[in-house]
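Student: Here's my sequence, what's the structure:
(4 chains)
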Number of protein chains: 2
Amino acid sequence: MAKRSTTRRTGIADVAKHAGVSHATVSRVMNGNFTVDPVIAQRVRESAAELKYYPNSVGRSLALGKTDTIGVVVPDLGNPTFQAMLRGVSRAAAKDGYRVLIADSSEVLSEEAILAAEARRRCDGVVLCAPRMSDAELQDLASALHPLVLINRTVPIENTPSLSANYGQGIQELATYLVGLGHKRLAFLSGPPQSASNRLRVDGLAQFVAEHPDVELQTLSGGVSFAEGHESVERILASGATAVLAFNDLVAMGLLSGLHERGVDVPGEISVTGFDDIPFARYTTPPLTTAAVPITELGEAAWERMKAVLQEDEAVALATTFSPRVVARGSTGPVPLG
Amino acid sequence: MAKRSTTRRTGIADVAKHAGVSHATVSRVMNGNFTVDPVIAQRVRESAAELKYYPNSVGRSLALGKTDTIGVVVPDLGNPTFQAMLRGVSRAAAKDGYRVLIADSSEVLSEEAILAAEARRRCDGVVLCAPRMSDAELQDLASALHPLVLINRTVPIENTPSLSANYGQGIQELATYLVGLGHKRLAFLSGPPQSASNRLRVDGLAQFVAEHPDVELQTLSGGVSFAEGHESVERILASGATAVLAFNDLVAMGLLSGLHERGVDVPGEISVTGFDDIPFARYTTPPLTTAAVPITELGEAAWERMKAVLQEDEAVALATTFSPRVVARGSTGPVPLG
DNA sequence: ACTTTGCGAGAAAACGTTTTCTGAAAGCGT
DNA sequence: ACGCTTTCAGAAAACGTTTTCTCGCAAAGT
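Tutor: Residues are numbered from 1 along each chain as shown, chains lettered A, B, ... in the order given. Down below sits the predicted model:
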């Protein structure tokens, strides 16, 4: 049995005894059931207060069959994007009395499914942020995870809503903006190949190029982080591009920093755009032109969908996309003469 | 009773029936108890696999009296410092099979105690990050929270370890560094009054001034965020200080940005330091001189202490302080010629 | 006065595990 | 062959709630 420590926490039985009633009555009072004589109810409340009784939440969960907790699986807790998602989910869920259990896969692909399944076992549902796993694996997992909501990953699975930013549209708008400034030679610093949002950007750019035959686009493998952006400087300069579309703001900022060190003028000699509009983007020098993704709202929307699924709402919207908005700042300018 | 949905999840009873043994035996097998005949154990494992059985974790928690979960309460999930703490705690705990439940008080003082107590009810212990509540309130709460670990807040309470960065020492080292560059007129852009770490900085600076009578220090009320740093530009310039110690990196970055917009040269006309060394600090222009706080390590250490308390180790270190390290970068320079 | 209705509270089952206790069978020495 | 220990598995209690069912009692209706 549960290892009896010297002193047990005060339970419902203690309150019942103290108030001279049964467990059932105490439970009823604690849950605001009105079929209890007000006099007795008051006595129970006083006993509970005196004994500092608070219902054991594990016991409650067992009886009720729910934990009032949802799991959120993120690829990297160190990434501002996922931090913002997490915050959105957490705050929205908190408003409805739900708590969030976090699981950080540290970008280890093989951990993702395990963490998700384990989280589901403890929680009423799971939110998967930008899962890296394959479509097939995700499909398999979906039914086991069932109250499941996806962020930045769309897979047509029954009962699983998904929220995503329209990266394809966003990157096209950025490219359009750059071309409007006169740029003809663009470079795309791509993200991780297994990332669905990278795929959307690649596809969006492919479409853009198809519609603008006069524009030349090079794709260079980049990454997701500052450091990776910083390291890309040489290759960017060698490419001869006059404008760079970075995978995200972090990469753009690393690039900006590297260019600054090399004495390359931004936007005088080269223009740089990011993606996401993380809080820092407006404070870089020069301030970063980027596509704003309402990522915290995505998180909040994820909770709303989750709530709907938990309540077994029939009409829960499945796929919702949020459109990024180009935010023009100082890191982009007219194509240099020459 | 728990509202019976149409299909129940497969439980230990199903496996028992399928394998032709008792609940107890299944439980023993699942928990790696070796007092089971290997032949039977194998049969049970096969049944479990076939039925896709996974132990219900709420049931387990109830029987075992533990949830393998700890709560982490932070003042603001949007703050990089707390994000880093959270990440440290979460990753360290995950290595030991524990999960983290998050509670974000959104800097609402009155929510803190409630969230902490509620988290404790669901978890085996609570980590409080930089609690804003008063010492008295914290003392009161401590026993109810008991497996409790504090980050960036030291209160002498039995059984509750605390991890903190030595902000007093750090800010003195930054001030020493600035004075070494010739600065005599310093300004401190302070943080929230109820923050213990702000108090440590104030005290540290007071000591510094006492030891350096020739140095003039002004304290201006600042804040914790970018925006607040950005808004302080006028007051900083009006102060006539040649070097500014910002409460943290965020404030320093906001200030840097504001100064840039005003065409003020950093560090030519004024030097700026931050605090924390958040990942972005090295990428600002100019790169930010700051005091590096190993904040993720603080989080990891917090878990180690928590683990020790959970295991009822007698010899658990109570108060541990981490020393910040001055990281000199480009935002500081010699005092301008007057 | 006797049955019916209704209200409120207690007994007990249920949620899904773990673990103690008990008992049966098997192994061993004499 | 008998009694002892040992091994292993099942029955049942325990964890702390919620909820259904039941029942007593009082008020109301005939």
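Student: Next one: the most far-flung residue of chain A relative to its centre relative to residue B:159, how far apart?
Tutor: Distance to the chain centre peaks in chain A at residue A:20, reaching 50.0 Å (criterion: C-alpha atoms, centre = their mean). Distance of residue A:20 to residue B:159, given as C-beta to C-beta, to the nearest Å: 35 Å. Just so you know, the C-beta spots here come from the backbone N, C-alpha and C atoms, and that holds for glycine as well.
Student: what's the span of stretch A:270-288, first residue to last?
Tutor: By C-alpha to C-alpha, to the nearest Å, the extent of stretch A:270-288 from end to end equals 13 Å.
Student: Just the strands from the stretch 151-300 of chain A, written as ranges.
Tutor: With DSSP state E, counting those that start in this stretch as the criterion, the stretch 151-300 of chain A has strands at A:162-165, A:185-190, A:216-221, A:243-246, A:271-273, A:290-292.
Student: winner for burial among these?
Tutor: strand A:243-246 (a mean of 29; mean count of other C-beta atoms under 10 Å in any protein chain shown).
Student: Any idea how many residues pack against the closest residue to residue A:94 other than its chain neighbours?
Tutor: The shortest distance from residue A:94 to any residue other than its chain neighbours is 6.9 Å, reached at residue B:104 (C-beta to C-beta, 6 or more residues apart in numbering or on different chains). Using other C-beta atoms under 10 Å in any protein chain shown, residue B:104 is surrounded by 24 other residues.
Student: which ones are touching the residue farthest from the centre of chain A?
Tutor: residue A:43 (C-beta atoms under 8 Å, 6 or more residues apart in numbering or on different chains).
Student: out of the strands of the stretch 151-300 of chain A, nearest to DNA strand C?
Tutor: strand A:162-165 (28.9 Å; C-beta to the nearest atom of the strand).
Student: The residue nearest to residue A:94 reaches residue A:92, doesn't it?
Tutor: No. At 11.1 Å, residue B:104 does not count as touching residue A:92 under the criterion of C-beta atoms under 8 Å.
Student: coming back round to it: what's the residue farthest from the centre of chain A sitting at in phi/psi?
Tutor: phi 70, psi 40 (degrees, to the nearest 10).
Student: In the stretch 201-338 of chain A, what residue comes closest to DNA strand C?
Tutor: residue A:310 (17.2 Å).
Student: which residues are there in the stretch 51-200 of chain A that come within reach of DNA strand C?
Tutor: A:62-63, A:65 (C-beta under 7 Å from any atom of the strand).
Student: about what we covered before: which one of the strands of the stretch 151-300 of chain A lies closest to DNA strand D?
Tutor: strand A:162-165 (31.3 Å).
Student: quick one: average pLDDT of the closest one?
Tutor: Averaging pLDDT along strand A:162-165 yields 96.
Student: hmm, back to that, TSV for the strands of the stretch 151-300 of chain A, including distance to residue A:42?
Tutor: Below are the strands of the stretch 151-300 of chain A laid out as TSV (distance: least, C-beta to C-beta, whole Å):
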stretch	distance to residue A:42
strand A:162-165	47
strand A:185-190	67
strand A:216-221	70
strand A:243-246	64
strand A:271-273	65
strand A:290-292	54
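Student: So for residue B:69, which of those sits nearest?
Tutor: strand A:162-165 (26.3 Å; C-beta to C-beta).
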